[in-house]
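K.L.:
structure for this input, please:
(chains A and B)
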Amino acid sequence: MDNVIIVKYSEIGLKGKNRAYFENLLVNNIRLKSGFDKIRKTHGRIYIEPGNCINTDYIQQAIERLAKTFGITSVCSGLKVVNDKKEIEKAALFLFEKEEEKKNPETFKINTRRINKRFPAGSYEISSYLGETILKKFPNIKVNLSNPDVTINVEIREKTYIYAEELRGPGGLPVPSSGKGLLLLSGGIDSPVAGYLMGKRGLQVDAIYYHSPPYVPEKTRDKIRTIAEVLCEYFGQIIVYTVPFAEVQKTIQENANPRETTLHTRAAMIAIADRIAKSEGYNSIITGESLGQVASQTPESMRFTQSYTDLPIFRPLVGMNKEEIKDIARMIGTYDISILPYEDCCTLFTPKHPIIKPNFEIIKNNFSRLPIEKPIDTAVLNTEKEVFKLSELKVRTV
Amino acid sequence: MIYLDWAASAPVYPEVADIVKDVSLKNYANPSSPHREGENAKLMLEDFRVKFASLLGCNPDELIFTSGATEANNMLLYSFIFERTREINIVISGIEHPSVYEPASQLERFGIKLRYVMPDSSGIVTPERLLKKLDNMTRLVSIIYINNEIGVIQPIKQLVNVVKEAEKRFGRKILFHSDITQAVGKININLKEIGIDAATISAHKFGGPRGTGALYLKRDFKLNFLYGGGEQENGRRPGTENLPGIAGMLKALEIRTSIMEKEYPVARDTTKWLIENLISTELCTMIPQLRAPGTNEENTNFSPYILSISLPPLPGEVTVRSLSEMGICISTGSACSSRKKDRMRTLINMGIPEDIAGSAIRISYGWYTTKNELEEFLEGIKKLEKLIPRKNRKFLSR
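P.N.:
Below you'll find the predicted structure:
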């Protein structure tokens, strides 16, 4: 009876000739995140064998990390035994006892899949046999096939895998199968969600943050760091580029029509992101924009701001409502950090009545007349780069 | 470091620190213990109470020692939960400290009506305005003596007279409470002479230790407080008495009483000088406006230890942060990006426009502050000019 971690993935399974490429990326990410080396892939399944590691705490932490790995649809810890009725019975009972202790269930179910047809007994037969064993040991528990508190899964392949609770993963594609993208991170609720959603599509995301001291406090930068650490749990590693932005903002404020300052600021941000993306090898820019949410997020405004890059701008939240975005933010664990009340954009630079439907030619022309080139050069030059990495899994000595 | 945040917390007198240490080391017995050391501690406590009461002009049994003004304010307000009739109302000014304002708002949940008496544009609660708010169901009036944000001094005796007349007219007692935290140790206070029924005091605002304060409550008022579990302070504030803290508070008040009247005119001159210099920078607006030079008669209505100015369009927090980087400590009541009027309640209730209120800062100083330090502060203020976008400066002078 050996410990095993079972990883399921779905979408990669649909890939054709380059399926191996995607699978290898996923295996590699699993290795980096869990620290385990013995990883075996078969059809639609990846098995991790912790080998000598019997520290359940460590295994649990590794599983939680894998549940935050793009490409994985579910992950669980289970047992591997030889295809022998007695061995299977022993393992199923062992696993059930552990679940019983943890959840104190009233009902259960045995779910058997016999993929290996050479195994003599049928799946229904095995399920009833194992069910009976458990009922004998725990006479107060009932069988419930439609909505059980505990499900024991038995998969008979070349070996038999037995597992109970599965943790759901984000699914999608492993990073960086779609390359690297640069996320405009503001500290608000939306941008971390946008980064997460693009991660699901296989994009390795790094972040760019526009910092304007003393107009915004250092605390806001710390908040960005905390968000980066949370995103790190998904991406394994995140680079944060911090752009000193105060001079650019001030220049815009001093020279532009007050109603246009928000849009010019946004355009300057894209122009800076474009330069950093190109010099650091990013293939796209990601923003948390949602159509119509604020002045700079109307189609007219987006046409203007996106004209300062020829990289694709991905806006995965463009069709989402605020509540839907908040739900995802809560799920990925960035919501509580995002709502901390530190200023992300000083009121000094916020016009009361910004333009919401700029005329493309006029506003382009106005932007080109701003003496902004030098401040932008300085900002790009003085951008700081910080790398955030996932910490080593801690092994608590038992 | 230049410390101009005395209204938040003043430096402790060395003599005070000494006595706190002494009493902590020598008189550690619990004043409630029946043994000799306990009895000694009890005697000391009562001795402190007699001396403290004589400095404030009240009877010793009218003083309840607390952990500070916040606790004292909460104790007093929440005691009205025990009022049998639910129809009663309480009146507080629109410029109360949060430790009065918030418990008062909470009382509304228990059915008690809360009425605000708003100050005029100079921050004064006039007798006429107060009179209009009183009726036969009014049980409590709470008006802060010296406001913590702008330093306005209320005509407290006149306000007490208004309440006394109302008591006669309606045949019901009305408790007149005043938070005198910013007044104690700065101006002469004789509680009996002022005629208020209750007052709150905090030691660390006048050179005493933190975590010590008092609630003054006239003998005529028997209130039930929410606390239980000990007979200390006649059962009104159970919990082992903070003997070292009380010793320190008494020492601080003794020092202050001996010198405050001499210091006051000096402080007034310094303040006048500072105001003139601030106004001449052309960046600052006085709050309220009539504290500016040329309206000197009105200046008697303000504490010379607290000054509120506004540097629009710089948000108050940006000013605080920038000065902090220059080693100058001041404070603000409002938050930059937060549009919550709540944080600017005092200023908004005085009718100060939102853009001025959002840019407000508070400077508060005391006996150790030198003119050199204030000069450096003025230099600091002048340096802030470069943070203001030029166009805005023009816009300002309009």
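
K.L.:
wait, A:Ile328 touches A:Ala194, no?
P.N.:
No. Between A:Ile328 and A:Ala194 there is no contact, the gap being 9.6 Å when judged by Cβ atoms under 8 Å. C-betas here are computed from N, CA, C, even on glycine.

K.L.:
what residues go with each domain of the chain?
P.N.:
In the absence of a named chain, this looks at chain A. A:2-168, A:180-392 (automatic domain parsing).

K.L.:
I was after chain B.
P.N.:
Looking at automatic domain parsing, the domains of chain B come to B:2-9+B:260-392, B:14-253.

K.L.:
which stretches of the chain have low pLDDT?
P.N.:
Picked chain A for this. Within chain A, the stretches with pLDDT under 70 are A:13, A:52-55, A:342-347, A:394-398.

K.L.:
that's the wrong chain, I wanted chain B
P.N.:
Applying pLDDT under 70 to chain B picks out residues B:294-299, B:333-342, B:392-398.

K.L.:
now the helix ranked longest in it: buried residues?
P.N.:
If you go by DSSP state H, chain B has its longest helix at helix B:243-280. Using 16 or more other Cβ atoms under 10 Å in any protein chain shown as the burial criterion, the residues of helix B:243-280 that qualify are B:243-257, B:260, B:263-264, B:267-268, B:270-271, B:274-275, B:277-279.

K.L.:
next one: stretch B:218-225
P.N.:
Buried residues in stretch B:218-225, counting neighbours by 16+ other Cβ under 10 Å, are found at B:218, B:223, B:225.

K.L.:
go on, stretch B:168-183?
P.N.:
In stretch B:168-183, counting by 16+ other Cβ under 10 Å, buried: B:174-183.

K.L.:
now stretch B:109-123 - C-alpha only, PDB.
P.N.:
Provided in PDB are the C-alpha atoms of stretch B:109-123 (Å, rounded to 0.1, in the frame of the first residue of the first chain):
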ATOM      1  CA  ARG B 109     -30.200  51.300  17.700                       C
ATOM      2  CA  PHE B 110     -31.600  51.100  21.200                       C
ATOM      3  CA  GLY B 111     -34.400  53.600  20.200                       C
ATOM      4  CA  ILE B 112     -32.800  56.700  21.700                       C
ATOM      5  CA  LYS B 113     -33.200  59.700  19.500                       C
ATOM      6  CA  LEU B 114     -29.900  61.400  18.600                       C
ATOM      7  CA  ARG B 115     -29.900  65.100  17.800                       C
ATOM      8  CA  TYR B 116     -27.000  67.100  16.400                       C
ATOM      9  CA  VAL B 117     -26.500  70.700  17.300                       C
ATOM     10  CA  MET B 118     -24.300  72.100  14.500                       C
ATOM     11  CA  PRO B 119     -21.700  74.800  15.100                       C
ATOM     12  CA  ASP B 120     -21.600  78.000  13.100                       C
ATOM     13  CA  SER B 121     -19.000  78.500  10.500                       C
ATOM     14  CA  SER B 122     -16.400  79.500  13.100                       C
ATOM     15  CA  GLY B 123     -17.000  76.200  14.900                       C
END
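
K.L.:
ok, and what's touching the helix or strand harbouring A:Glu155?
P.N.:
Secondary structure from DSSP states H and E places A:Glu155 in strand A:150-156. Contacting residues not belonging to strand A:150-156 are listed as A:78, A:83, A:88, A:92, A:95-96, A:99-100, A:103, A:105, A:107-116, A:119, A:123, A:126-127, A:130, A:134, A:160-165 [Cβ atoms under 8 Å, 6 or more residues apart in numbering or on different chains].

K.L.:
please repeat the previous calculation with a cut-off of 7 Å.
P.N.:
For strand A:150-156, contacts defined as Cβ atoms under 7 Å, 6 or more residues apart in numbering or on different chains pick out A:83, A:88, A:92, A:95-96, A:99, A:103, A:105, A:108-116, A:119, A:126, A:130, A:160-164.

K.L.:
check which residues of stretch A:380-396 are buried.
P.N.:
By 16+ other Cβ under 10 Å, the buried positions in stretch A:380-396 come out as A:380, A:383, A:388, A:390, A:393.

K.L.:
ok, the second one touching A:Ile239?
P.N.:
No. Taking Cβ atoms under 7 Å as the contact criterion, A:Thr383 and A:Ile239 are not neighbours in contact, 11.1 Å apart.

K.L.:
with just CA atoms, put stretch A:144-151 into CSV.
P.N.:
The C-alpha trace of stretch A:144-151 is given here as CSV (Å, rounded to 0.1, in the frame of the first residue of the first chain):
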residue,chain,number,x,y,z
ASN,A,144,-26.4,7.0,-0.1
LEU,A,145,-25.7,6.8,-3.9
SER,A,146,-27.0,10.2,-4.9
ASN,A,147,-25.7,12.6,-2.3
PRO,A,148,-23.2,10.9,0.0
ASP,A,149,-21.1,12.7,2.7
VAL,A,150,-18.1,10.6,1.7
THR,A,151,-17.2,8.9,-1.6
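
K.L.:
please enumerate the helices of the stretch 1-150 of chain A.
P.N.:
Under the criterion DSSP state H, counting those that start in this stretch, helices of the stretch 1-150 of chain A are mapped to A:19-34, A:56-66, A:85-103, A:123-137.

K.L.:
swap that for the stretch 1-150 of chain B, sorry
P.N.:
Using DSSP H, counting those that start in this stretch, the helices assigned to the stretch 1-150 of chain B run over residues B:14-26, B:36-56, B:69-78, B:98-107, B:127-133.

K.L.:
from chain B, how far off is A:Thr298?
P.N.:
Noted for A:Thr298: a distance of 22 Å to chain B, by Cβ to the nearest Cβ, to the nearest Å.

K.L.:
with adjacent residues omitted, what lies nearest to that residue?
P.N.:
Nearest residue to A:Thr298, sequence neighbours excluded (Cβ to Cβ, 6 or more residues apart in numbering or on different chains): A:Ile356, at 5.3 Å.

K.L.:
make sure that neighbour is indeed in a strand.
P.N.:
No. Counting by DSSP: H, G, I helix; E, B strand; the rest coil, A:Ile356 is located in no strand; its state is coil.

K.L.:
nothing else from me, thank you.
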